[in-house]
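# give me the fold of what follows.
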Amino acid sequence: MPDILKIGVLGAGQIFQMMHLPVLARQRDRFELARLYDPDRKVLRKTRNLMRRRCLPAPLVSAEEVDRQFAGLDAEGSAGSPFCAS
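Alright, predicted model coming up:
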């Protein structure tokens, strides 16, 4: 069985809801949504409801956590952030 790739998503709007979320739901054996953030609470609420209908966990994070994760990243996105593949 292949390793499951954990991903983080910044922006849970219409593109995520209509394109990425269905793929994540169909390919649970390949991907796990580890973090989800959107600055718009209405968008997050709608996305969370869509995820629940597909029996997917909705690991929402705060803006503060996003800021902590990206603090100290260089332009290439390195520095060992859990949002970046190593």
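
# pLDDT score for residue 8?
Predicted confidence (pLDDT) for residue 8: 87.

# which SSE is it in?
In this assignment (DSSP states H and E), residue 8 forms part of strand 5-10.

# now the strands for this protein?
Ranges of strands in the chain, per DSSP state E, are 5-10, 31-37.

# can you find the helix or strand of this protein with the lowest average pLDDT?
One helix or strand of the chain scores below all others by mean pLDDT, DSSP states H and E: helix 63-70, with a mean of 77.

# picking up where we left off before, buried deepest among the strands of the chain, which one?
Comparing the strands of the chain by mean neighbour count (mean count of other C-beta atoms under 10 Å), strand 31-37 comes out on top with a mean of 18. Every C-beta, even on glycine, is put in place using the N, C-alpha and C of the backbone.

# which residue ranges of the protein form helices?
If DSSP state H is used as the criterion, the helices of the chain fall at 14-15, 21-26, 41-53, 63-70.

# mind putting those helices in TSV, distance to residue 2 included?
Listed next are those as TSV, based on distance: least, C-beta to C-beta, whole Å:
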stretch	distance to residue 2
helix 14-15	26
helix 21-26	15
helix 41-53	23
helix 63-70	26
